[in-house]
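A.B. asks: What would the 3D arrangement of this be:
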Amino acid sequence: MPPIATAFTLAGALAATAAWEPAWTGIWQYEADPRGATPMDVRVGADGRVFALFELAHDGMSHTALARFDEGGAFVWLRERPGIDGRGLQLLPGGDVAVVDAFGPVVRVRVYDGDDGTVVWEDQSQAGRISAGSRQLALALGDAGALLVPAIDGDDVVVVRYAADGERLPDWRWSPGAEDLQAEDIVATADGGAAVGVAGDMFTGGFLVVRFDADGQVLFHDRERGSLDGGTFNRRLFLAVDGAGAVLAQGALQNTRGDMQAQVWKIAADGTRSWTRTLVDPLDERFTTEAVGLLLEADGDAVLAQQAGLDERFRLLRLDSASGVLVHDSAAPLGGQTRGIARAPNGRVLVGGTYAIDFQGHVGARLAEFDADLRPCRWLDLGTQYFSTVFDGGAHGWTGAGGTLFEETSNDAHALRYDADGACEAVDAIFADGFDAG
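C.D. replies: Numbers count the residues shown, from 1 in each chain. Have a look, this model is predicted:
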């Protein structure tokens, strides 16, 4: 196995991070009390408009809410309706915004005008279930640009499809048979089709990857059960598709000790398995390790944020595209429970998560930025301001949506902007070659 360069940051040798202040903060406050705002997703238009998706709790109900903020943080409008279960957000060509959620056993899609927030079209004709997975909306590649929604309808994996004007297009369907399924991710492919990531039965089903072509025909389906019986208790699955049409998948499965262990696997465009790589805790391989996200480098290498059992620092791994061998491993000086990962156009990567701020179950948000070489760059502890944040990387920098800490029974919704090109902090590190990735 070739050597890798692993950076172990010395906590005692860290310089105090310089102030990394937000470029702006936008505030929206609901009038009802008690109220709760939890950020779900955020997207930025080419003109800098920010569309943030929140779960709002007020008047005894959960609501799906889309808020628009302009460049500089000015609040423009918010649209909401009662809704539960898996919320997704997608910017559409022309500036409209699609939102998907569920209300009972019905998948609901609503498209808002990006200018004034009026409803352009909506549909709730599809029975089924969606989840709060990695992605719940995608745009098909090519001239058609259909809106794609992964869902579970009975025992079927279904991709619900809409034309730009809201016309319902024929579904794409496939079924493994009777099984408790959960749709977790979808990625549009260059041929006009899509790869769908599905969690199988929680105890025995493992993870499924289903590859549809542009006509809805199944090119292949692949199941990964891990090293035990296919237990997928957190059921989170992340997908990416490389330039050759190969699908990479990342999820945690139960190992022979009964612990959850993250692994990454690659499926070639013809459906054959290229490689499978399990990930271990860098301090003790006997402990649980999970991972969040899946990004691809220009050469097809996989980048993901590892959640180790003993070492809670935010950690980035890079796996070789041809073999799955671990070629880079670096950790920021702070961490917690990893929640999300994003990339900016300049190659920097942002990892976000939460940590316990007291012994009563309350959590605060933290961020760690890595440079284009995946080395720790800057970091922020937002635990005195936000309990949860989500971020998107773009030409304008890191744009986020945040839920402030609760004051008694209520909190507020914020939009945030941080630069993504500031000077990195000086970090003293030990670089060790020849670390065995397992």
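A.B. asks: ok, the nearest residue to residue 169 once chain neighbours are set aside - how many residues close by?
C.D. replies: Nearest residue to residue 169, sequence neighbours excluded (CB to CB, 6 or more residues apart in numbering): residue 161, at 3.9 Å. For every residue, glycine as well, the C-beta is placed using N, CA and C. Residues within reach of residue 161, counting by other CB atoms under 10 Å, total 19.
A.B. asks: Next one: residue 161, what pLDDT does it get?
C.D. replies: Listed pLDDT for residue 161 reads 95.
A.B. asks: now for the helix or strand hosting it, which elements pack on it?
C.D. replies: Using DSSP states H and E, residue 161 sits within strand 156-162. Applying 3 or more CB pairs under 8 Å, 6 or more residues apart in numbering; DSSP states H and E, one finds that strand 156-162 contacts strand 106-112, strand 119-127, strand 147-153, strand 168-174, strand 194-199, strand 207-212.
A.B. asks: What's the separation between the residue nearest to residue 169 and residue 173?
C.D. replies: Distance, residue 161 to residue 173, by CB to CB, to the nearest Å: 11 Å.
A.B. asks: and what of residue 389?
C.D. replies: 36 Å.
A.B. asks: These two: who's more crowded?
C.D. replies: Taking neighbours as other CB under 10 Å, residue 389 and residue 173 compare with residue 389 leading, 26 against 15.
A.B. asks: What strands line up against the helix or strand that one falls within, and which way round?
C.D. replies: Under the criterion of DSSP H and E, residue 389 resides in strand 386-394. In the sheet, strand 386-394 lines up against strand 397-404 (antiparallel) (DSSP bridges).
A.B. asks: what about residue 298, is that helix, strand or coil?
C.D. replies: coil (DSSP: H, G, I helix; E, B strand; the rest coil).
A.B. asks: mind checking how far it is from residue 347?
C.D. replies: Distance from residue 298 to residue 347, counting by CB to CB: 9 Å.
A.B. asks: Who has more neighbours out of those two?
C.D. replies: Comparing residue 298 with residue 347 by other CB under 10 Å, the one with more neighbours is residue 347, at 15 against 7.
A.B. asks: who's in contact with the closest residue to the more buried one other than its chain neighbours?
C.D. replies: Nearest non-adjacent residue to residue 347, counting by CB to CB, 6+ apart: residue 372, 3.0 Å away. If you count contacts by CB atoms under 8 Å, 6 or more residues apart in numbering, residue 372 has them with 346, 347, 348.
A.B. asks: Check those against residue 242 and report the nearest one.
C.D. replies: Closest approach to residue 242 among these (CB to CB): residue 347, at 17.1 Å.
A.B. asks: low-confidence ranges in the stretch 51-200 of the chain?
C.D. replies: Residues of the stretch 51-200 of the chain that meet the criterion pLDDT under 70 lie in 85-86, 132-134, 143-144.
A.B. asks: Could you give the bridge partners of the residue nearest to residue 169?
C.D. replies: residue 148, residue 169.
A.B. asks: again, but for residue 355
C.D. replies: What pairs with residue 355, by the bridge criterion (DSSP bridges), is residue 364.
A.B. asks: Who are the contact partners of residue 289?
C.D. replies: Residue 289 neighbours (CB under 8 Å, 6+ apart): 252, 260, 261, 262, 279, 280, 281, 306, 307, 308, 309.
A.B. asks: buried subset of these?
C.D. replies: 252, 260, 261, 262, 279, 280, 281, 306, 307, 308, 309 (16 or more other CB atoms under 10 Å).
A.B. asks: Residue 65: which of those is nearest?
C.D. replies: Closest approach to residue 65 among the buried ones among the contacts of residue 289 (CB to CB): residue 307, at 28.6 Å.
A.B. asks: so what's the residue nearest to residue 255 when sequence neighbours are not counted bridging to?
C.D. replies: Take residue 255 and drop its neighbours on the chain: the residue closest to it by CB to CB, 6+ apart is residue 261, 4.3 Å away. Beta-bridge partners for residue 261, by DSSP bridges, are residue 253, residue 289.
A.B. asks: same thing with the one 5 residues further on?
C.D. replies: On the basis of DSSP bridges, residue 266 is bridged to residue 248, residue 275.
A.B. asks: and it, how many neighbours?
C.D. replies: Other residues close to residue 266 by other CB under 10 Å number 23.
A.B. asks: and what of residue 19?
C.D. replies: Counted with other CB under 10 Å, residue 19 comes out at 6.
A.B. asks: distance of it from residue 422?
C.D. replies: 10 Å.
A.B. asks: for residue 388, same thing?
C.D. replies: Residue 388 is 24 Å from residue 422, by CB to CB.
A.B. asks: go on, residue 87?
C.D. replies: In terms of CB to CB, residue 87 sits 32 Å off from residue 422.
A.B. asks: Look at the two and report which has more neighbours.
C.D. replies: Shown here are residue 87 and residue 422; by other CB under 10 Å, residue 87 has more neighbours (24 against 15).
A.B. asks: which element is that one on?
C.D. replies: Per DSSP H and E: strand 84-91 holds residue 87.
A.B. asks: Quick one: distance of stretch 404-422 to the chain centre.
C.D. replies: 19 Å (CA atoms, centre = their mean, to the nearest Å).
A.B. asks: scratch that, stretch 227-243
C.D. replies: 13 Å.
A.B. asks: Return the set of buried residues in it.
C.D. replies: Using 16+ other CB under 10 Å as the test for burial, stretch 227-243 gives 228, 230, 231, 232, 235, 236, 237, 238, 239, 240, 241, 242.
A.B. asks: who's in contact with residue 57?
C.D. replies: Residue 57 neighbours (CB under 8 Å, 6+ apart): 35, 36, 37, 38, 63.
A.B. asks: Now with 7 Å, please.
C.D. replies: 35, 36 (CB atoms under 7 Å, 6 or more residues apart in numbering).
A.B. asks: I'd like the distance between it and residue 36.
C.D. replies: 4 Å.
A.B. asks: now swap in residue 313 and tell me
C.D. replies: For residue 313 relative to residue 36 (CB to CB), the value is 29 Å.
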